[in-house]
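J.: I would like to see how this sequence folds:
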Amino acid sequence: MNYLVIYPGRFHPFHLGHKASYDYLVKKYGADAVYIATSDKQAPITSPFTYSDKVEMMTKLGVPASHVVKVKNPYQATEITDNLGPEQKADTVLIFAVSAKDAERFNFKPKRDGSASYIQSLSSAGKKLKPMTKAAYIDITPTVNFQVRGKDASSATVVRQLFIDGNDSDRDQIITDLYGAVDTGLRDMFKQRLGVTDNVVKMMQ
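T.: Take a look at the predicted model:
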């Protein structure tokens, strides 16, 4: 049985916590099996980055662009699953890998006849997994703490706010902490997408 592992998310921005989850999945399932699914939807403040922006961030951290897929709904990712033919689907285990919080997006309730839902928890599924024609599984990725500019950054929201609140030197350090070097292209992208000016109103929490 093959594996198809989809790591879905918004990734505004893609940060070290996301990369740690991706690395965990690659180690567990193999690099060829793991795909990141994200959309091109943007919204002021909460979802400022384009799909192309996110691919650039991911590739800077070593994620192959060929394993990043633009989808309408990351938590369905039919653009990925529909690429498999009937025989492949019958021989492939489908896994969505998400944080414990994002697992709440999925419906685990039994069907009306009492049988198990299509979406099932990987941790309670046992050793014999069903192919994606019969079930899909949710694997919970570990939460990894990381720091930017010497401060705990537990989420993308925190990263965005630290970037907005900082000065140019702070922002260079944030980019360095996230992506390994002062990348002026990424820094300027962040400034543009986050609307950084001399007077920035704090984001809503």
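
J.: and residue 6, what is it in contact with?
T.: 35, 36, 37, 74, 77, 80, 81, 94, 95, 96, 97 (CB atoms under 8 Å, 6 or more residues apart in numbering). For glycine as for every other residue, the C-beta is placed from the backbone atoms N, C-alpha and C.

J.: hey, which helix or strand in the chain has the poorest pLDDT?
T.: strand 151-152 (a mean of 91; mean pLDDT, DSSP states H and E).

J.: name the helices or strands packed onto it?
T.: In terms of contacts (3 or more CB pairs under 8 Å, 6 or more residues apart in numbering; DSSP states H and E), strand 151-152 is not packed against any helix or strand.

J.: That strand pairs with which strands?
T.: strand 147-148 (antiparallel) (DSSP bridges).

J.: Outside of the least confident helix or strand of the chain itself, list whatever touches it.
T.: For strand 151-152, using CB under 8 Å, 6+ apart, the contacting residues are 145, 146, 158, 162.

J.: 10 Å instead?
T.: With contacts defined as CB atoms under 10 Å, 6 or more residues apart in numbering, strand 151-152 is touched by 145, 146, 158, 159, 162, 174, 177.

J.: Return the item of the residues you listed having minimum pLDDT.
T.: For those, the weakest pLDDT value sits at residue 145, with 88.

J.: and that one, which of the three is it?
T.: coil (DSSP: H, G, I helix; E, B strand; the rest coil).

J.: and it, how many neighbours does it have?
T.: 10 (other CB atoms under 10 Å).

J.: and it, what does it touch?
T.: With CB under 10 Å, 6+ apart, residue 145 has these contacts: 16, 17, 20, 152, 153, 154.

J.: In the residues you listed, find the pair that's most separated.
T.: Comparing every pair within those by CB to CB identifies 20 and 152 as the most remote, at 14.4 Å.

J.: Those two: which is more packed in?
T.: residue 20 (17 against 10).

J.: residue ranges of the helices in this structure, please?
T.: Assigned by DSSP state H, the helices in the chain fall at 16-29, 51-60, 78-81, 86-89, 156-165, 168-179, 184-193.

J.: Out of those helices, which gets nearest to residue 41?
T.: Using CB to CB, these put helix 51-60 closest to residue 41, at 8.7 Å.

J.: how much does the closest one deviate in direction from helix 16-29?
T.: 60 degrees (axes from the mean of the first three to the mean of the last three CA atoms, to 10 degrees).

J.: Please tell me how far helix 51-60 is from the chain's geometric centre.
T.: Distance of helix 51-60 from the chain centroid (CA atoms, centre = their mean, to the nearest Å) equals 12 Å.

J.: And it, what does it pack against?
T.: Contacts defined by 3 or more CB pairs under 10 Å, 6 or more residues apart in numbering; DSSP states H and E place helix 51-60 against helix 16-29, strand 34-38, strand 68-70, helix 168-179, helix 184-193.
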